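J.: Just need the structure, nothing else, for what follows:
(one chain, ligands or ions: 1)
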Amino acid sequence: MATRVSPLLIRSVDVLDVREGGIARRQDLLLEDGLIRRIATGGGLEPMGIDVIDGTGLLAMPGLIDCHAHVHGTFVMGAGGFSDMGWIFQQVARNLRNHLLGGVTTVRDMGGPIHMLRWWGRRIASGSVPGPRLYCAGPILSVPGGYPTFTRKLPRLVGALIGQVKEEVPDALSAYKMVDTLVKKGVDLIKVAYSSRDYDADLSPLPVWPQKTLHSLIDVAHRRQRKVAVHVAWLKDLVEIMSMGIDSIEHVVRDGVMDEYVLDALAESGSVVVPTISILMNFFHLDRLGGFLQGAGGHACLEDIPRLHLLRLAERRRCGQDPPQLGDLKFADAESYARQNLQALIDNEIPLALGTDAGAFYSFFGDIASELRWLVEHGMTPLQAIQCGTLYAAELLDLEGMAGVIEESAWADLILVNGDPREDIGVMRSPKWVVAAGRPHKVHGTYHGAGGIHFADWN
Ligand SMILES: [Zn+2]
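T.: Residues are numbered from 1 along each chain as shown. You can find the predicted model right below:
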């Protein structure tokens, strides 16, 4: 059942202009029908019987856009799998709510069952459940036997019902057909995995598409007005595909340093990079996640099965029982490469968009603030980091003017924070209010009322 959105007045709030970085003091924002209807200087708008939030002392900024998440995670494939649908539905609801209360009002889902995701998207849009807007890639496309190897094809009936998480595409002709089928099913973009090595202990070699197949896929997707996002983790893979007209490159390379040639080619390609550095940092420092997993954050975010599984891993890692293996690549080197590459992307002003990879193994819904913090730590100003999650993310999703800004006629997707995020990006860790499609959600307590997650400041 669709619930109507009541008009809402946010009174006397400071408003951050994410384009220029200025703050307009004591503004009134009138939200109506899910849109920002009017913006007037303090006291300019009369409430006339509608709901009011007193914004005195708070700062309004656009809701964040997470350009890389997997709403149906965490650990769906590894812990009990799709045999337990009830569990998955609970986890999805929890993920959506956590992310919303962490300040995310739009999610670009980068691989998940499309029918199920669209069903959730409709429920969110109608106001039946709290959550961000969903933009969905549907299944991850890969060569037969290719990455991701931990995701298997669902049984036919389940796949037909909720949608597949991965589809194997053997050649150019099937790529054409697959893109067409997915567009008919309502995907908003196409997600591709291109990985010549696995994440197992040996970094085992994996097959990838011949260039011709990937070319065809990008070509047909663009002709169907769908952008193409490609998962790339290894330097050799990046070099192979970076000039193919890909719209976004997901993740940062972690097995070598991008040299000038690579950076120049990347800059020229026009691709946006979504670094998802927080999942890598969590992966490299799993041993430090014990406190989070045992505390309110872990309980808010994860069902007991994946939580205890992760906790066991973290504990083993801490005791040195289970030293991480990445083939001949040293763990410390992988972290160093990832950090150097992020730094180089920022220094070379390659366009970046904010993404967490929440729902994948080591990244958690509600914690987009960590991704912002890592960007700042590697050389961005707080405003630039915020722009990655607002202006530039909106551009990547073709939502310029609708999302990522506080302007008249834009969507009423915004967050109210206490403090100036331009001075201290840590302010983003605990929004006080999140307004999504004009619907206000008050965020309570340190752990966002068992919603969002407040991580201890570990480095
Ligand atoms: Zn991902």
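
J.: Residue 300 contacts residue 367, doesn't it?
T.: No - between residue 300 and residue 367 there is no contact under Cβ atoms under 8 Å: 10.5 Å. Quick note: C-beta positions are derived from backbone N, CA and C, even for glycine.

J.: just the strands in the stretch 1-150 of the chain please.
T.: 8-16, 23-32, 35-41, 51-54, 59-62, 64-69, 104-109, 133-136, 140-142 (DSSP state E, counting those that start in this stretch).

J.: Okay, now the unreliable bits of the chain?
T.: 1-3, 74-85, 87, 445-459 (pLDDT under 70).

J.: Kindly state the domain boundaries assigned to it.
T.: 8-62+404-442, 64-396 (automatic domain parsing).

J.: And the last one, end to end?
T.: What that stands for is domain 64-396. Domain 64-396 has its terminal residues 13 Å apart, counting by Cα to Cα, to the nearest Å.

J.: again, but for the shortest one
T.: Criterion Cα to Cα; first-to-last residue distance in domain 8-62+404-442 is 14 Å.

J.: what does stretch 49-57 give?
T.: Start-to-end, stretch 49-57 (Cα to Cα) is 23 Å.

J.: coming back round to it: which one of residue 300 and residue 367 is surrounded by more residues?
T.: residue 367 (25 against 22; other Cβ atoms under 10 Å).

J.: how far away is that one from the ion?
T.: 15 Å (Cβ to the ion, to the nearest Å).

J.: Same check on residue 288?
T.: Plainly put, residue 288 is 22 Å away from the ion if you go by Cβ to the ion.

J.: Surely that residue is in a helix?
T.: Yes - checked against DSSP: H, G, I helix; E, B strand; the rest coil, residue 288 lies within a helix.

J.: so residue 407, which of the three states?
T.: coil.

J.: Next, work out how far apart it and residue 261 are.
T.: Distance, residue 407 to residue 261, using Cβ to Cβ, to the nearest Å: 40 Å.

J.: Comparing those two, which residue is more hemmed in?
T.: Neighbours per residue (other Cβ under 10 Å) separate residue 407 from residue 261, with residue 407 holding more: 15 against 9.

J.: Report the spatially closest residue to that one, excluding sequence-adjacent ones.
T.: residue 36 (6.6 Å; Cβ to Cβ, 6 or more residues apart in numbering).

J.: Next, the contact list for that neighbour, please.
T.: Contact partners of residue 36, counting by Cβ atoms under 8 Å, 6 or more residues apart in numbering, are 29, 30, 406, 407, 408, 409, 410, 411, 412, 414.

J.: Test of understanding: give the bridge partners of it.
T.: Applying DSSP bridges to residue 36 gives these bridge partners: residue 31.

J.: got it, and the one 4 residues further on?
T.: Using DSSP bridges, the beta-bridge partners of residue 40 come out as residue 28.

J.: just checking, it touches residue 27?
T.: Yes - the criterion here is Cβ under 8 Å, and residue 40 meets it with residue 27 at 6.9 Å.

J.: These two: which is more packed in?
T.: Remark: of residue 40 and residue 27, residue 27 carries more neighbours, 21 against 12, as counted by other Cβ under 10 Å.

J.: picking that back up, distance of the residue nearest to residue 407 relative to the ion?
T.: The span separating residue 36 from the ion equals 31 Å under the rule Cβ to the ion.

J.: Residue 6 too?
T.: Counting by Cβ to the ion - residue 6 and the ion are separated by 36 Å.

J.: same deal with residue 275?
T.: Taken as Cβ to the ion, the span from residue 275 to the ion is 12 Å.

J.: Residue 44 now?
T.: For residue 44, the distance to the ion - Cβ to the ion - is 44 Å.

J.: now do residue 38
T.: Taking Cβ to the ion, one finds residue 38 at 39 Å from the ion.
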